[in-house]
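K.L.:
How does the following fold in three dimensions:
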Amino acid sequence: MSFSKEQLNAGQTAVLVIQGDAGTGKSLILQRAFAKLQRISQQDNESPLYKTQNYLLVNHAEMLKIYRKLAADDPNLKKISFMKPTSFINTMAKKQLTADVVFIDEAHLLLTQADNYNKFHGNDQLQEIMKHSRVVVLVFDPYQVLKYKSHWNTDRLTNLIAAYPHETFQLKQQYRMQAAGDHIAFWINQLTRKRRILPQVTSAAFDFRIFTDAQTMFQQIKNQNRKVGLSRMLATTDFPYTVGKGTWYVQAGDFRLPWDKLDVGSEPWALRDQTIDEVGSIYTIQGFDLNYAAVIIGPSISYDDQAKQITIDTTRYEDHAAFRTPAGQQISIADKQQIMLNALNVLLKRGRRGLYIYACDDKLRRQLQQLVIN
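P.N.:
Predicted coordinates for the structure are as follows:
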């Protein structure tokens, strides 16, 4: 709150960046801070934040459902205060308005180019949001960038806000994955950032397992879902699908379940009972906490025994929209691989109590199984 109070009437847009790995509590901090801000804006007539017009933006349909669901339980929150970035930008521009404090969750999902699908015709959503805001508070993780049209990295963000009053706050402690969370996060980071497979970390406090059969893993997830709830199957986007055209399946050996269904009602995917019989993707699970996450790593990721690291085959990735570029531009193999590793990173960091992994590729599955150490 102090940053917003100090910068509200400074005459220039100010930016507070909260940076941290998946599971470090970024969204929770943002949610609680926004609830407090809205309470102050409506009730504290001695605060400089009294009667301010504030918004929380997120470029993720499932997370927007969660925020609007929370608003129904808090008298200080209104559903109209939660918006997608394009809706906010277009509304503010049309009415020539400036918001006071704008929170942005998952800022790494903001568009960095025009996108007709999202009805955004500018070049950078963050720039456009800043034009219509006095204070911007955003959370950011460069390792959760999932599409080329949201081509963010730390340098790009740093350069964009350099000319504005700004502060950066780094979150380092792992909160989502209980007890052994920092060790598990380190194992995942070595896999998705260094392409190294370390000996598997095991702990009585966190259930981390490698499976040799996806159907067996599914049975275990169903058991956990009956016991504690919020346990789901997830997969990398290596299995064909077309949005809005029929039912598409994730198949691995004897395991076969349909992909998740997007935009079904107001209830988020992870909270719908029937989704225990679906496979979640980055589009339905990013930003959410599960109790147990079972991740199928598709055939695009293998293992090189000579180099002793994982390999990424971009031709086997089925999320073709992730690599789409404007006319005249090309995306490098390195950028494609980074997007795929980021997606794997997001999936592997969903579970609070446990993480289960099955690899479709024989070499990768064998290497993972060899490194199980108690």
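K.L.:
May I ask you to confirm that residue 159 belongs to a helix?
P.N.:
Yes: counting by DSSP: H, G, I helix; E, B strand; the rest coil, residue 159 falls inside a helix.
K.L.:
what residue ranges in the stretch 251-374 of the chain score low on pLDDT?
P.N.:
Of all residues in the stretch 251-374 of the chain, those with pLDDT under 70 make up the ranges 263-264, 372-374.
K.L.:
Show me the strands in the stretch 151-300 of the chain, by range?
P.N.:
166-171, 207-211, 231-235, 249-252, 255-258, 279-280, 290-297 (DSSP state E, counting those that start in this stretch).
K.L.:
can you list the ones you listed in TSV and add mean neighbour count and distance to residue 155?
P.N.:
Any C-beta I mention is one placed from the backbone N, CA and C, and that applies to glycine too. Formatted as TSV, the strands of the stretch 151-300 of the chain follow (neighbours: other Cβ atoms under 10 Å; distance: least, Cβ to Cβ, whole Å):
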stretch	mean neighbour count	distance to residue 155
strand 166-171	14	13
strand 207-211	18	33
strand 231-235	26	30
strand 249-252	19	36
strand 255-258	17	40
strand 279-280	26	31
strand 290-297	25	29
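K.L.:
Those strands into TSV, with extra columns for distance to residue 40?
P.N.:
Listed next are those as TSV, based on distance: least, Cβ to Cβ, whole Å:
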stretch	distance to residue 40
strand 166-171	20
strand 207-211	41
strand 231-235	37
strand 249-252	46
strand 255-258	45
strand 279-280	36
strand 290-297	33
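K.L.:
tell me the domain ranges of the protein?
P.N.:
As given by automatic domain parsing, the domain ranges for the chain are 2-171, 181-370.
K.L.:
quick check, distance from the last one to the centre of its chain.
P.N.:
This points to domain 181-370. Averaging C-alpha positions (Cα atoms, centre = their mean, to the nearest Å) puts domain 181-370 13 Å from its chain's average.
K.L.:
if we can go back for a sec, of the strands of the stretch 151-300 of the chain, which approaches residue 119 most closely?
P.N.:
strand 279-280 (26.5 Å; Cβ to Cβ).
K.L.:
residue at max distance from the center of this structure?
P.N.:
When distances are taken from the C-alpha mean of the chain, residue 46 lies farthest, 37.0 Å away, according to Cα atoms, centre = their mean.
K.L.:
Just say helix, strand or coil for that residue.
P.N.:
Relying on three-state DSSP, one would call residue 46 coil.
K.L.:
same thing with the one 5 residues further on?
P.N.:
Reduced to three states with three-state DSSP, the structure at residue 51 is coil.
K.L.:
wait, doesn't it sit right on residue 41?
P.N.:
Yes: assessed by Cβ atoms under 8 Å, residue 51 is found in contact with residue 41 at 6.2 Å.
K.L.:
Between those two, point out the one with more neighbours.
P.N.:
residue 41 (19 against 11; other Cβ atoms under 10 Å).
K.L.:
what about the closest residue in space to the more buried one that isn't next to it in sequence, neighbour count?
P.N.:
Computed as Cβ to Cβ, 6 or more residues apart in numbering, the closest residue to residue 41 that is not its neighbour in sequence is residue 52, at 4.7 Å. A count of neighbours around residue 52, defined by other Cβ under 10 Å, yields 19.
K.L.:
now do residue 351
P.N.:
29.
K.L.:
now swap in residue 138 and tell me
P.N.:
Residues near residue 138, counting by other Cβ under 10 Å: 25.
K.L.:
I'd guess it is in a strand, am I close?
P.N.:
Yes: assessed by three-state DSSP, residue 138 belongs to a strand.
K.L.:
so what's it up against?
P.N.:
15-18, 103-105, 107, 126 (Cβ atoms under 8 Å, 6 or more residues apart in numbering).
K.L.:
quick one: which of those residues is nearest residue 351?
P.N.:
residue 105 (20.4 Å).
K.L.:
How about the contacts made by the residue farthest from the centre of the chain?
P.N.:
Residue 46 touches nothing, counting by Cβ under 8 Å, 6+ apart.
K.L.:
quick one: it from residue 237, how far?
P.N.:
51 Å (Cβ to Cβ, to the nearest Å).
K.L.:
same deal with residue 102?
P.N.:
Taking Cβ to Cβ, one finds residue 102 at 31 Å from residue 237.
K.L.:
and if you look at residue 34?
P.N.:
31 Å.
K.L.:
got the phi/psi numbers for residue 356?
P.N.:
phi -120, psi 140 (degrees, to the nearest 10).
K.L.:
just checking, it touches residue 209?
P.N.:
Yes: counting by Cβ under 8 Å, residue 356 touches residue 209, with 5.1 Å between them.
K.L.:
so what's in contact with these two at the same time?
P.N.:
What both residue 356 and residue 209 touch, as defined by Cβ under 8 Å, 6+ apart, is the set residue 220.
K.L.:
What segments of this protein are helices?
P.N.:
For the chain, the helices defined by DSSP state H cover 2-7, 26-43, 61-71, 85-95, 125-131, 154-161, 181-193, 214-228, 282-285, 333-348, 362-370.
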